[in-house]
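Undergrad: would you be able to build a 3D model of this:
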Amino acid sequence: MIVNTEQQIPIKLWVEHEADLESGAWDQIKNLANFPFAYKHIAIMPDAHQGYGMPIGGVMATQDVIGPNMVGVDIGCGMCAVKTSLTEIDIDDLKKIMGEVRKAVPVGFKKHKEPQDSDFMPSLVEDLPIVRIEYSNAQFSLGTLGGGNHFIEIQKGNDGFIWIMIHSGSRNLGFKVANYYNKLAVELNEKWKSSVPESWELAFLPVDSAEGQNYIREMEYCVKFALVNRRLMMSRILEVFNNVLNMVEGNLLADEMINIAHNYASLEHHFGKDVWVHRKGATLAREGTIGIIPGSQGTKSYIVRGKGNKESFESCSHGAGRLMGRNQARQRLNLEEEVKKLNDKGIIHSIRGVQDLDEASGAYKPIEVVMKNQEDLVDILVELEPLAVIKG
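TA: Numbers count the residues shown, from 1 in each chain. Down below sits the predicted model:
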């Protein structure tokens, strides 16, 4: 851990060198450390890179306020994983499974043609203005992957078992909620003549205000929606496995599904106070918490156990973290080299052309370095090697 004390409050970074972070990310980190409601210090995870307002891989605790942009637009985005009872899988069966999964789970901007049963949806027990407007549309997106860095991956663990892992979030529902409340926060901050510059993109809502309470409730609903979205996808992927392998339904699930979110805010007790901890591209690593840290396409992923390090607000990284932007990756990476890396490992992958290079492993930080830099945050339980991947 590196400690920088040049701003209003300290910045604690789990990186090898401060120079590892690009200038844009550093500008955002400094803004966090000078945010008037920030508490104690800012924690920056080893996968950190520039985002909107707050860097991805940033953790900030605040007193009395909550920030929509400090959570992000994909509210509740996260990981889930299950260990199956399989110890081997034939390559031909794996190809069939991936083909059937693509039929069962819409990816990218695609949604289901019919609304999914409302029984799958989190119950609406409160008046949630934006969620109510978007509820019907959300039923079409339930059980869908989304795009960008979202993925479905089949893996082989060093525990000897085949694992299934999913990265996805709250789809358009979370996007609508985030945008509405961030826009509202910007308007109110301007009305209040807030000392926080608009250029920082850190508009906030007081937690004791009607607007703040509404955002909290709608954010929490989106976190629940993201979980049931991942759960429904996992259920349908397991059905595909059972159908292709002619197994009795349920035989594959050896353990309960592991789930961990990485875009949310929650009220927690740290350093003697109840504060709102914003994790944007960071996951909970409370002592004993079982989490998931994925690598990039073609590299290892990890099942971990949190150590409860108080200095990180009991947090860890959410993945490998981007090394270069999407356009930069398409311009700089070599398609043949990236494909060869995956083919040499025998991985069924999703890189078909230059447009896919933004999700190549070369666009991301080395996951082994990221894990090394957070040895005081998590213990590794299982290492997972990729076998096949579907990208959004």
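
Undergrad: going forward, measure contacts and count neighbours with C-alpha atoms only.
TA: Will do.

Undergrad: list of residues touching the helix or strand hosting Glu100?
TA: Using DSSP states H and E, Glu100 maps to helix 91-104. Counting by C-alpha atoms under 8 Å, 6 or more residues apart in numbering, helix 91-104 makes contact with 236-237, 240-241, 244-245, 348, 388, 390, all of which sit outside it.

Undergrad: the helix or strand following it: how far from the chain's middle?
TA: Counting by DSSP H and E, the element after helix 91-104 in chain order, helix or strand, is helix 129-141. Centroid separation for helix 129-141 versus its chain: 21 Å, with C-alpha atoms, centre = their mean, to the nearest Å.

Undergrad: from the contact counts, what lies against helix 129-141?
TA: helix 171-191 (3 or more C-alpha pairs under 8 Å, 6 or more residues apart in numbering; DSSP states H and E).

Undergrad: next structured bit after the helix it packs on?
TA: Next along from helix 171-191, by DSSP H and E: strand 205-206.

Undergrad: what would the contacts of helix 91-104 look like in TSV with distance to Ser168, pLDDT and neighbour count?
TA: As requested, these are arranged in TSV below (distance: C-alpha to C-alpha, whole Å; pLDDT from 0 to 100; neighbours: other C-alpha atoms under 10 Å):
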residue	distance to Ser168	pLDDT	neighbour count
Arg236	15	95	16
Ile237	14	95	21
Val240	19	93	22
Phe241	20	92	23
Val244	24	91	14
Leu245	26	88	15
Ile348	20	91	20
Ala388	17	96	24
Ile390	12	94	21
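
Undergrad: got those as CSV, with secondary structure and distance to Pro106 columns?
TA: Converted to CSV, these look like this (DSSP: H, G, I helix; E, B strand; the rest coil; distance: C-alpha to C-alpha, whole Å):
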residue, secondary structure, distance to Pro106
Arg236, helix, 11
Ile237, helix, 12
Val240, helix, 14
Phe241, helix, 17
Val244, helix, 19
Leu245, helix, 22
Ile348, strand, 18
Ala388, strand, 17
Ile390, strand, 11
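
Undergrad: ok, back up a step: now the helix holding Glu100: mean pLDDT?
TA: In this model, helix 91-104 has a mean pLDDT of 95.

Undergrad: check stretch 171-181 too.
TA: On average, stretch 171-181 scores 97.

Undergrad: buried ones in the helix holding Glu100, by neighbour count?
TA: Going by neighbour count (16 or more other C-alpha atoms under 10 Å), the buried part of helix 91-104 is 94, 97-98, 100-101, 104.
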